[in-house]
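**Student:** Model the following, please.
(chains A and B)
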Amino acid sequence: DQQVKQNSPSLSVQEGRISILNCDYTNSMFDYFLWYKKYPAEGPTFLISISSIKDKNEDGRFTVFLNKSAKHLSLHIVPSQPGDSAVYFCAASALGNQFYFGTGTSLTVIP
Amino acid sequence: DTAVSQTPKYLVTQMGNDKSIKCEQNLGHDTMYWYKQDSKKFLKIMFSYNNKELIINETVPNRFSPKSPDKAHLNLHINSLELGDSAVYFCASSPAGGGVIPPLHFGNGTRLTVT
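**Tutor:** Prediction:
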């Protein structure tokens, strides 16, 4: 039973434009969410997180938005750069227990 | 100075064999994990150890046995390998929470291919 879903397996964006990656979850107990970035042949690396008490968290070009009522979060990258091309995983946790991951979205930023 | 290192990077073996994957972290973290990424790219937790004690053991065949000799190491032993065990296995670690949920630090993965 997949509790975290990333329904877009891939996304292509022009350099300089905004990239929006989406993530949906089913478990209303989830209270902490993270985004990871993964390059080929490497492990995922932590990018940004948000707790359920917030609806937005920003870190430089990366912003995560959380809509609890819709059980939806999104990652915005502005402006997108070619080095952002990677697979992005969404993950969620309930009460600090194990993390559940989505299947990832492969982002390609076209120069 | 790799933070979480796992070996080997690639492992090709035949069905029925027994193999091990090693993981070491030099971050001083208390908790270590094994995750499996299958062909559908689904990244799923298998085991979690905190200070050498097993705290999470998902529904994993008992052919898979983790061993943690100390809190910096978590090895994965797999007996009687099957075709369906082919996947990328990631080791990860995280520090104690201290009220804040820390992110996971992943190794670069071990691609296991069972023929």
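
**Student:** make it CA atoms for all contacts and neighbour counts henceforth
**Tutor:** OK.

**Student:** State the pLDDT value of the nearest residue to B:Val60 once chain neighbours are set aside.
**Tutor:** Leaving out its chain neighbours, the residue that sits closest to B:Val60 by C-alpha to C-alpha, 6 or more residues apart in numbering or on different chains is B:Met46, at 6.5 Å. Listed pLDDT for B:Met46 reads 91.

**Student:** Tell me if B:Met46 really is in a helix.
**Tutor:** No. The assignment for B:Met46 (DSSP: H, G, I helix; E, B strand; the rest coil) gives strand, which keeps it out of a helix.

**Student:** In this structure it contacts B:Asp38, no?
**Tutor:** No. With contacts counted by C-alpha atoms under 8 Å, B:Met46 stays clear of B:Asp38, the gap being 12.0 Å.

**Student:** Have a look at those two and say which one is more surrounded.
**Tutor:** B:Met46 (20 against 16; other C-alpha atoms under 10 Å in any protein chain shown).

**Student:** measure that one to B:Ser39 for me?
**Tutor:** 16 Å (C-alpha to C-alpha, to the nearest Å).

**Student:** Next, the nearest residue to B:Glu82 once chain neighbours are set aside: secondary structure please.
**Tutor:** Leaving aside its sequence neighbours, B:Glu82 sits nearest to B:Met15 (C-alpha to C-alpha, 6+ apart; 5.2 Å). Classification of B:Met15 using three-state DSSP returns coil.

**Student:** elements contacting the least confident helix or strand in chain A by mean pLDDT?
**Tutor:** Across the helices and strands of chain A, mean pLDDT, DSSP states H and E gives its lowest value to strand A:99-101, namely a mean of 90. Counting contacts by 3 or more C-alpha pairs under 8 Å, 6 or more residues apart in numbering or on different chains; DSSP states H and E, strand A:99-101 is packed against strand A:4-5, strand A:86-93, strand B:43-50.

**Student:** just to revisit the earlier point, can you give me phi and psi for the residue nearest to B:Glu82?
**Tutor:** phi -50, psi 140 (degrees, to the nearest 10).

**Student:** Isn't it up against B:Ser80?
**Tutor:** Yes. Using C-alpha under 8 Å, B:Met15 is in contact with B:Ser80, at 6.8 Å.

**Student:** Which secondary structure element of chain B has the lowest mean pLDDT?
**Tutor:** Taking mean pLDDT, DSSP H and E as the measure, the helix or strand of chain B with the lowest value is strand B:53-57, at a mean of 77.

**Student:** So residue 40: helix, strand or coil?
**Tutor:** You didn't pick a chain, so chain A it is. Judged by three-state DSSP, the three-state class of A:Pro40 is coil.

**Student:** looking at chain B here, not the other one
**Tutor:** Following three-state DSSP, B:Lys40 is assigned to coil.
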